[in-house]
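Peer 1: Next comes the sequence, and after it the predicted model I'd like to discuss.
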Amino acid sequence: MEAGHPPVKAWYKIQDMAYENGLIRESFIGDCKAMFFDIWSVVSLYENELRQDPYGLWGMKNE
């Protein structure tokens, strides 16, 4: 969940990581682009980033 206007959109950062790791496949349903992925694999990326650097995930400094 995101609120406000963080410097970085965390989900997009995780999504980019998932694409780089080959975890997301794209297809179309009619004219709509759809992403297919194993939810646990992608959520695990999110969890790992939150544990390692929660502020950095959103592009903020931990002061």
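Peer 2: Arrived safely.
Peer 1: quick one: strands adjacent to the strand or helix carrying residue 26?
Peer 2: Assigned by DSSP states H and E, residue 26 falls within strand 25-29. In the sheet, strand 25-29 lines up against strand 32-36 (antiparallel) (DSSP bridges).
Peer 1: Outside of the strand it pairs with itself, list whatever touches it.
Peer 2: Strand 32-36 is contacted from outside by 24, 25, 26, 27, 28, using C-beta atoms under 8 Å, 6 or more residues apart in numbering. Where you see a C-beta, it was placed from the backbone N, CA and C, and this is true even at glycine.
Peer 1: Could you measure from the first one over to residue 34?
Peer 2: It stands for residue 24. With the distance defined as C-beta to C-beta, to the nearest Å, residue 24 ends up 10 Å from residue 34.
Peer 1: related to what we said a few turns ago, how about a markdown table for the contacts of strand 32-36, with distance to residue 14, neighbour count and pLDDT added?
Peer 2: A markdown table is the format used below for these (distance: C-beta to C-beta, whole Å; neighbours: other C-beta atoms under 10 Å; pLDDT from 0 to 100):
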| residue | distance to residue 14 | neighbour count | pLDDT |
| --- | --- | --- | --- |
| 24 | 10 | 17 | 96 |
| 25 | 16 | 10 | 95 |
| 26 | 16 | 10 | 95 |
| 27 | 20 | 9 | 96 |
| 28 | 23 | 8 | 96 |
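Peer 1: So which of those is the closest to residue 51?
Peer 2: residue 24 (21.6 Å; C-beta to C-beta).
Peer 1: For the chain, just list every one of the helices.
Peer 2: Counting by DSSP state H, the chain has helices at residues 10-20, 39-52, 54-57.
Peer 1: I'd like those helices as TSV, with mean neighbour count and mean pLDDT appended.
Peer 2: What follows is these, written out as TSV (neighbours: other C-beta atoms under 10 Å; pLDDT from 0 to 100):
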stretch	mean neighbour count	mean pLDDT
helix 10-20	15	94
helix 39-52	13	95
helix 54-57	14	90
